[in-house]
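**Student:** can't give you the sequence, but here's the structure:
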């Protein structure tokens, strides 16, 4: 298999002496793992919805508000 890297990315790999093949393998493995976990999450949520029902609009709005606060708190911590 051949993989294309843009010239700037290839040049930076060369300059740093990084092993492109190992890095690419690691990145592909990580992406496959990430997608498998997302699939498992989707299956879990489907089972959960079957068990307890879909959230109401009010519950969704509350969850979104909590998520916004958590994201804002995380951004505040990163900037500090």
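**Tutor:** Perfect, I can see it now. Remember, predicted model here, so these are calculated numbers, not experimental data.
**Student:** next SSE after the host helix or strand of residue 12?
**Tutor:** Secondary structure from DSSP states H and E places residue 12 in helix 7-16. Downstream of helix 7-16, the next assigned helix or strand under DSSP H and E is helix 20-52.
**Student:** what angle sits between that next one and helix 7-16?
**Tutor:** If you take axes from the mean of the first three to the mean of the last three CA atoms, to 10 degrees, helix 20-52 sits at 120 degrees to helix 7-16.
**Student:** moving C-terminal of helix 20-52, what's the next helix or strand?
**Tutor:** The helix or strand immediately downstream of helix 20-52 is helix 57-79, counting by DSSP H and E.
**Student:** just checking, what packs against that following helix?
**Tutor:** Here helix 57-79 touches no other helix or strand, going by 3 or more CB pairs under 8 Å, 6 or more residues apart in numbering; DSSP states H and E. Backbone N, C-alpha and C define where each C-beta goes, glycine included.
**Student:** Enumerate residues external to it that contact any of its residues.
**Tutor:** residue 55 (CB atoms under 8 Å, 6 or more residues apart in numbering).
**Student:** quick one on the thing from earlier: which residues does the helix holding residue 12 contact?
**Tutor:** Contacts of helix 7-16 (CB under 8 Å, 6+ apart): 5, 20, 23.
**Student:** gap between the second one and residue 60?
**Tutor:** Read it as residue 20. Remark: distance between residue 20 and residue 60 (CB to CB, to the nearest Å) = 44 Å.
**Student:** just the last one next, same as before
**Tutor:** Distance, residue 23 to residue 60, using CB to CB: 40 Å.
**Student:** now do residue 36
**Tutor:** Using CB to CB, residue 36 is found at 26 Å from residue 60.
**Student:** And the residue nearest the centre of the chain, what's its pLDDT?
**Tutor:** The centre of the chain sits closest to residue 34, judged by CA atoms, centre = their mean, with a distance of 6.5 Å. What the model reports for residue 34 is a pLDDT of 98.
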